[in-house]
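J.: Provided below are the primary sequence and the corresponding predicted coordinates.
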Amino acid sequence: MPAWNSGYVTDTDCTYGFYRDLAPSALTFANFLAGNKGPDVNAPLTYCELGCGQGFSTNLLAAANPHIEFYATDFLPEHIVNAQDLARDAGLRNVHFYDQGFADFIDEPELPQFDIIALHGIYSWVDAEARRDVVRFIQKKLKLGGLVFVSYNCLPGLASETPVQRLLTMAQDHGTTSQRIAAGLDLVQRLKATRTAFFVMNPSATIRLDGMSKSPHTIAHEYFNATFKSWWHAEVAHDLAEAKLSFSASCALLQEAHGIYLTDEQRQLLAEAPHDQRQTLIDFMYNRMFRRDVFVKGSVSLPTLTRDEMWNRQRFALLTPRSQVPALSVPTIRGKVELSKEIYDPLLDAFAEGPRTLGSITDPRVTEMPRAALREAMLVLNGLFHLCPCLDEAGEEKRRATTQMLNWAVIKRAVTTDELDFLASPVTGNAHPVNHVQQLFLLSGSRDADKASAFAWEHLQRLGRRMTRDGVALEAPADNLAELADIYRSFEDHDRPLLEQLGIV
């Protein structure tokens, strides 16, 4: 019998992360973009997250989608205690947490059949038996027409990371995970400093590790599990085919804009390739390191007329204050591609007025836009996180009641932790970044810059925090207060109006 933790790190807690791809509205939108029929995200549904960590994502999504019943499990009981505490404080009645491994969860008698099953940060980091349990769970619990979201490290982009992981974990085979991380990082850096051939010939090998160096929690769960495997897309698709799933879509929406990212020759190669090879070819074209895939049980294509009607009915909300949207460009293998202001500005202007359907826009600059250009622009704006798909306006008041309770439960925790930096939106059915300082401003209840800043500074001091300016920590209280006051004024001018549009405040 395998260990109860399936080789997963258990002496270092997961962080309170939030992953917007997990939102039902995000998954169904990606599935729709691929032209496939899927669950109606505005209808009562059932949703399951396997390996929910601290349950922060699950709680946020449950608050933003009170019409959906959420079930989630994680085999670390400490995580589930924290998740249940937040759900209880928020008064959530549509979320159910369990501390079971995947094999035991299959036979949990309280579970319904699910419209959506999601697993983020699991498939590359658990052993073969746990992966088989995941497939068996999906096989037994997913409804016909249901969606599965799975994220995983992938090839070819991470081909050079397996040797790095080996270095990290072999440096010290005893002690706590934190001690092993310190020893591993030291060994990697010392070896790099000798201009070892591997690092000279693979300069990208430690790019991700360098980005994680300030977060031991992230390094622990990325590199120090007993299993660390990068997959070809076709391998994961083969595994999930055992549960009668077929690939539907990638949630990496920006990279689905092939007209912008790929050369004519690359697009021609894709068009000529067999269907089952295309995703692997795309992964080579982007040198992809991480995949965020949607699979479906029973792939049914939507008629063109139905897709057109759904496009027109779909609501979207702006996620970036209009004044702060930069001149739009995207980096590609061919260099930076500047996006047309004639196409993108009218769309951004329209959504700056508030959440709305695409079909409600009357600006002729939009209505007369070629359909292909319009849809590519919407794909790009969603991929850049300037726009986000929304739930229907009907039901928003009920959603607002549950998000207000959850958000207040999160904001109250800002006096003791800076880890919970997302709040739920009743408009999008998703959650959005609201950082620790902004939460303290909201908790202060004041609209006065000096009072809100003083309140925030009081609690930052208790947590041993200081503000920074130009990367330098500020020591004098007066300097910290002045910096906070500047941040508060920007928050009032730009961020609060957007949070109000999203129904967060």
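T.: Perfect, thanks for sending it.

J.: for the helix or strand bottoming out on mean pLDDT in the chain, packing partners?
T.: Least confident element among the helices and strands of the chain, by mean pLDDT, DSSP states H and E: helix 207-212 (a mean of 76). On a contact count with 3 or more C-beta pairs under 8 Å, 6 or more residues apart in numbering; DSSP states H and E, helix 207-212 meets helix 161-170, helix 216-223. For the C-beta atoms, the positions are set from N, CA and C on the backbone; glycine is no exception.

J.: Deepest in the core, which of the ones you listed is it.
T.: Comparing the helices and strands packed on helix 207-212 by mean neighbour count (mean count of other C-beta atoms under 10 Å), helix 216-223 ranks first with a mean of 21.

J.: roughly how far out does it sit from the chain middle?
T.: With C-alpha atoms, centre = their mean, to the nearest Å as the basis, helix 216-223 stands 17 Å off its chain's centre.

J.: neighbouring contacts of stretch 85-93?
T.: Stretch 85-93 is contacted by residues 55-56, 59, 62-63, 95, 97, 402, 405-406, 408-410, 412 when judged by C-beta atoms under 8 Å, 6 or more residues apart in numbering.

J.: got CSV for those residues, with distance to residue 494 and secondary structure too?
T.: As requested, these are exported to CSV (distance: C-beta to C-beta, whole Å; DSSP: H, G, I helix; E, B strand; the rest coil):
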residue, distance to residue 494, secondary structure
55, 31, coil
56, 25, helix
59, 27, helix
62, 29, helix
63, 25, helix
95, 32, strand
97, 36, strand
402, 27, helix
405, 26, helix
406, 24, helix
408, 23, helix
409, 26, helix
410, 21, helix
412, 25, helix
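
J.: Quick check on those residues: which are buried?
T.: Those of the contacts of stretch 85-93 that meet the buried threshold are 55, 56, 59, 62, 63, 95, 97, 402, 405, 406, 409, 410, by 16 or more other C-beta atoms under 10 Å.

J.: Compare the mean pLDDT across the helices and strands packed on helix 207-212 and name the weakest.
T.: Comparing these by mean pLDDT, the weakest confidence falls on helix 216-223, with a mean of 79.

J.: Can I get that one as CSV, trimmed to CA atoms?
T.: Provided in CSV are the C-alpha atoms of helix 216-223 (Å, rounded to 0.1, in the frame of the first residue of the first chain):
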residue,chain,number,x,y,z
PRO,A,216,10.2,28.2,0.3
HIS,A,217,6.5,27.0,0.4
THR,A,218,6.4,27.2,-3.4
ILE,A,219,9.8,25.5,-3.9
ALA,A,220,8.7,22.7,-1.4
HIS,A,221,5.6,21.8,-3.3
GLU,A,222,7.1,22.3,-6.8
TYR,A,223,10.4,20.3,-6.3
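
J.: returning to what we had before: ok, the contacts of stretch 85-93 vs residue 17, which is closest?
T.: residue 56 (6.8 Å; C-beta to C-beta).

J.: quick one: low-confidence parts of the stretch 201-350 of the chain?
T.: For the stretch 201-350 of the chain, no stretch is flagged by pLDDT under 70.

J.: which residues in it form strands?
T.: 246-250, 290-296, 315-318, 329-332, 335-338 (DSSP state E, counting those that start in this stretch).

J.: With distance to residue 83 and mean neighbour count as added columns, please give the ones you listed in CSV.
T.: Output for the strands of the stretch 201-350 of the chain, formatted as CSV (distance: least, C-beta to C-beta, whole Å; neighbours: other C-beta atoms under 10 Å):
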stretch, distance to residue 83, mean neighbour count
strand 246-250, 28, 21
strand 290-296, 22, 23
strand 315-318, 27, 22
strand 329-332, 37, 13
strand 335-338, 42, 9
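
J.: among these, which is nearest residue 161?
T.: It's strand 290-296; of those, that one is closest to residue 161 (C-beta to C-beta) at 10.9 Å.

J.: that older thread, in the least confident helix or strand of the chain, what counts as buried?
T.: Buried residues in helix 207-212, counted by 16+ other C-beta under 10 Å: 208, 209, 212.

J.: Which one of those residues is nearest to residue 15?
T.: Checking the buried residues of helix 207-212 against residue 15 with C-beta to C-beta, the nearest one is residue 212 at 11.3 Å.

J.: related to what we said a few turns ago, can you redo the helices and strands packed on helix 207-212 as TSV with distance to residue 267?
T.: Listed next are those as TSV, based on distance: least, C-beta to C-beta, whole Å:
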stretch	distance to residue 267
helix 161-170	29
helix 216-223	33
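
J.: Which one of those lies nearest to residue 199?
T.: helix 161-170 (9.1 Å).

J.: Give me the helices and strands touching that closest one, please.
T.: helix 177-193, helix 207-212, helix 216-223.

J.: Contacts for the first one, please.
T.: For helix 177-193, the external contacting residues (C-beta under 8 Å, 6+ apart) are 9, 11-12, 164, 167-175, 199, 206, 209, 213, 216, 219-220, 223-224.

J.: can you give me the offset of that helix from its chain's centre?
T.: 29 Å.

J.: now do the shortest one
T.: In terms of C-alpha atoms, centre = their mean, the centre of helix 207-212 is found 18 Å from the chain centre.

J.: about what we covered before: would you turn the buried ones among the contacts of stretch 85-93 into TSV with distance to residue 240 and pLDDT?
T.: What follows is the buried ones among the contacts of stretch 85-93, written out as TSV (distance: C-beta to C-beta, whole Å; pLDDT from 0 to 100):
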residue	distance to residue 240	pLDDT
55	24	97
56	26	98
59	27	99
62	26	99
63	30	99
95	26	99
97	25	99
402	32	99
405	36	99
406	32	99
409	36	98
410	34	98
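
J.: Next one: residue 180 from residue 47, what distance?
T.: 36 Å (C-beta to C-beta, to the nearest Å).

J.: which of those two has more neighbours?
T.: residue 47 (27 against 23; other C-beta atoms under 10 Å).

J.: which element is the more buried one on?
T.: strand 45-50 (DSSP states H and E).

J.: Tell me the strands beside that strand, with direction?
T.: strand 68-73 (parallel), strand 114-119 (parallel) (DSSP bridges).

J.: Please export the C-alpha coordinates of it as PDB.
T.: Extracted C-alpha coordinates of strand 45-50, given in PDB (Å, rounded to 0.1, in the frame of the first residue of the first chain):
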ATOM      1  CA  LEU A  45     -24.300  22.700 -10.900                       C
ATOM      2  CA  THR A  46     -22.000  20.500  -8.800                       C
ATOM      3  CA  TYR A  47     -18.300  21.000  -8.700                       C
ATOM      4  CA  CYS A  48     -15.400  19.000  -7.100                       C
ATOM      5  CA  GLU A  49     -11.800  20.100  -6.500                       C
ATOM      6  CA  LEU A  50      -9.300  17.300  -5.900                       C
END
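
J.: Make residue 1 into 743 and carry on from there
T.: Right, with 743 as the first residue, what we last looked at is strand 787-792.

J.: Need the contact partners of that strand.
T.: So strand 787-792 is in contact with 764, 766, 781, 799-800, 803, 807, 809-815, 844, 847, 853-862, 864, 876, 879, 883, 885, going by C-beta under 8 Å, 6+ apart.

J.: Check stretch 1051-1067 too.
T.: For stretch 1051-1067, using C-beta under 8 Å, 6+ apart, the contacting residues are 771, 774, 1044, 1090-1091, 1093-1094, 1096-1101, 1117, 1120, 1124, 1127-1135, 1167, 1169-1170, 1174, 1236-1237, 1239-1240, 1243-1244.
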